[in-house]
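>>> sequence first, then the predicted structure, then my questions.
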Amino acid sequence: MEVKRDILWRVYLCYILVVVVCIAVFAKAVYIQQVQGKYWRSMSDSLHQKIVEIDAERGTIYSEDGQMLSTSIPQFDIYMDFRVAALREKNGQRFRENIDSLSYCLSNLFGDMSAGEYKQLLKQGYRESSAYFPLKKKISFRQYQTLRSFPLFRQGKYKSGMIASERTIRLNPYQMLAFRTIGLARDSNKVGLEMTYDSVLKGRNGKQLVRSIAGGVNVPVNDNYEVEPETGKDIVSTIDVFIQEVAENALMRMLVKNEAEHGCAIVMETKTGKIKAIANLGKRSDGSYWEDFNYAITPSEPGSTFKLATLMALLEDRKVSLNQMVNLEQGNWKVAGQTVFDSEEHPPGEVTVKRAFELSSNVGMAKLTLAGFGSAPSQFIRHLKRMRVDTITGIDLAGEKRPVIYKPGSRYWGPTTLPWMAFGYNLLVSPLQTLVLYNAVANGGKMMKPYLVSAIKEEGLLLRSVEPVVVEEKICSDQTLQELKSCLEGVCTAGTAAGVFKNTPYAVAGKTGTALMADNNRGYADQIYQSSFAGYFPAGDPQFTCIVVIKNKPHALFHHGASVAAPVFKEIADRLYSSYVRQPVKKENEWKKNDSSSFNYTGLKQEMACVARTLKIPYKDTPESVNEWVDFGGKSMGAVMQSRTVDEKLMPQLKGMGLKDVVYLCENMGLKIKANGRGKVTTQSIAAGQMIAKGQLVTIELN
């Protein structure tokens, strides 16, 4: 009996202990859930939630005429949350009712899969109850807007489960146009204006609370920001889209024609120093050309374009006069055991200093410089410093490299250094530095600092305007300046560039240059020449200063500055003269003269017929003129109406059309128009017959 009582006591004690423990566990659970629940839930969330930086929208780079050269556009990644209750309720009724139509719309929009394939993809995500199912990545804002109107998606994210992850990408609408100068803005890979003005363009990043889910994807906890991102400011560049296109196209044609390695062309507004165009094209492995490197700010041996600096130093110190005679030694002269060669032989005898410059004689410049500064070479170097060819130009473009000018007494100075410097060897200067010097001569001796940004704006409001900067009020005396101008004009009328500018309706002043370039370890064996031409126009009242520098292929048949670089300069100058330089106003009696020439117009068929009837012009309507657009031409005694075919996928021929018809035709095709001038179309930036895309800009010139 006592044994039984002892056993029962032990059992009751164990039972009581178990009950007490259970009560304690239950009480603790209630305490944790009810009292400490908020704390532990926040701890749980903190393991999956974090504050991340939200990139601010980068500012836009504009051309001076208001065109976007570089801008940020939104791009979207689309996901679906198949766990949302609205898709699961009633056994997935909402999903099943919309999947067919949604799949059809997705197939039509993206065209990468059939409707059936999209349907299988959506079903897969639904079966897996995926919380962040990837549907489509890197879609445009226009596609995103269309996507939101699709079946199911139009019901909103809480019923459809659609999640849009937005980011911005950098876009250069004109692609190659001034691409290297404008630069890139992709992570750390920035160059050009994007790098120089990065602190202005990038804005201030925001902060947002996100939740990490499977796959390392961050989903915003709510639509509010902890810190609102601040959009970057816009910059307005000095680049003119039309001038840039002209320079780039002219340079491209010569590079392709001559199979050259690379080249650059820069156009500067003479009186301000604004860079209106800067084209840099290099040959790629597949033979095509692209803006791959900024050759314009990279020093090289300039060749004979440097003779302007040499002659300026000689004239300024009155070491020579233009009428002084010099023997060109028939183009072959020995000095200190080395031979100076001219590009061609000269007849025996002497010529004036001016004529030696016009003929671009290396012998003439070397002899004159050695005679004038041989005993005091530092005096020649001081002149170069005054011309600022020994320092960078200070252009607002990252990556400008310093020139190399050797000084007397240095380890690189020898008996031939000075005479070789006289014709552009034994020193390194960039095309931009040469351009700045020529621009100073064109600008009456006033040297302007080149610049690429004229204003900084925020939401259209002007924050800061950049004004022209004079870096040297007078680089030489007025007498020297006039003598230099006459020499530069002489090069284009009676010198090495006379054949290029013959019969040009405006005066040009400039200098050709041809430099033999070393090819790394091979030296000069490959006969690689750099062709250049620097000058300004119109010579009487300079508006633009331009330089063209082209590095040719080895053993190129055409390699002289007059045959390679000068034609590019002339093509640019011709287009700018006709488009920008003011033409003389016709006298009143000239306007009253009757026009007896034939006419040619393009427009809508109905309108052309109405004009002919009103003016009583008899015309013949050809059987094939059944299209809406026609060419109507001839003389007042008779004309012909011929059909003009328009294909919506190809650029139409606009030449001969009036502005109203061009706007009507092109805007109906989804194109944007920028017009210069009045009258009928003479040129168009996109050639007729080329493929076009909606939203593309077309620049037209009217006569």
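Happy to help now that I have it.
>>> Gln330 against Pro347, yeah?
Yes - using Cβ atoms under 8 Å, Gln330 is in contact with Pro347, at 7.3 Å. C-betas here are computed from N, CA, C, even on glycine.
>>> neighbour count: these two, which is higher?
Of the pair Gln330 and Pro347, Gln330 is the one with more neighbours under other Cβ atoms under 10 Å, namely 13 against 8.
>>> who's in contact with that one?
For Gln330, the contact set (Cβ atoms under 8 Å, 6 or more residues apart in numbering) comprises Glu345, His346, Pro347, Pro348.
>>> so the last one sits in a strand?
No - the assignment for Pro348 by DSSP: H, G, I helix; E, B strand; the rest coil gives coil, which leaves it out of any strand.
>>> so it versus Val25, what's the distance?
Separation of Pro348 from Val25 (Cβ to Cβ, to the nearest Å): 119 Å.
>>> go on, the third one?
With distances taken as Cβ to Cβ, Pro347 is found 117 Å from Val25.
>>> ok, now Ile456?
Distance from Ile456 to Val25, by Cβ to Cβ: 68 Å.
>>> these two: which has the busier surroundings?
Ile456 (18 against 10).
>>> ok, now how distant is the more buried one from Met195?
Per Cβ to Cβ, Ile456 is found 16 Å from Met195.
>>> likewise Phe306?
30 Å.
>>> higher neighbour count, these two?
Neighbour totals were compared for Phe306 and Met195, and Phe306 leads with 28 against 17 (other Cβ under 10 Å).
>>> just to check, that one is in contact with Pro431?
No - using Cβ under 8 Å, Phe306 is not in contact with Pro431, being 11.5 Å away.
>>> how is the protein carved up into domains?
52-237, 243-579, 598-702 (automatic domain parsing).
>>> quick one, which of those is packed in tightest?
domain 243-579 (a mean of 20; mean count of other Cβ atoms under 10 Å).
>>> who touches the residue lying closest to Phe380 once chain neighbours are set aside in this structure?
If the residues on either side of it in the chain are set aside, Phe380 comes closest to Phe373, at 4.0 Å by Cβ to Cβ, 6 or more residues apart in numbering. Residues near Phe373 by Cβ under 8 Å, 6+ apart: Ala313, Lys319, Gln379, Phe380, Leu418.
>>> any idea of the mean pLDDT in the helix or strand harbouring the fourth one?
Counting by DSSP states H and E, the element that carries Phe380 is helix 377-386. Averaging the model's pLDDT scores along helix 377-386 yields 94.
>>> give the partner strands of the helix or strand that comes right after it in its sheet and their orientations.
Using DSSP H and E, the helix or strand that follows helix 377-386 in sequence is strand 404-405. With DSSP bridges as the test, strand 404-405 is paired with strand 427-428 (antiparallel).
>>> follow-up on the earlier one: farthest-separated two in the contacts of Phe373?
Lys319 and Leu418 (12.9 Å; Cβ to Cβ).
>>> so Ile163 sits against Phe82, correct?
No - counting by Cβ under 8 Å, Ile163 sits too far from Phe82 to count as a contact (10.8 Å).
>>> now do the residue nearest to Thr504 when sequence neighbours are not counted, the pLDDT please.
Closest residue in space to Thr504, ignoring its immediate chain neighbours: Lys570 at 7.2 Å, by Cβ to Cβ, 6+ apart. The model reports Lys570 with a pLDDT of 96.
>>> secondary structure element for Lys570?
Residue-wise, Lys570 maps onto helix 561-579 under DSSP H and E.
>>> and if you look at Leu463?
Judged by DSSP H and E, Leu463 forms part of strand 461-465.
>>> so what's Gly349 closest to, chain neighbours aside?
Nearest residue to Gly349 in three dimensions, chain neighbours excluded: Asn327, at 7.3 Å (Cβ to Cβ, 6+ apart).
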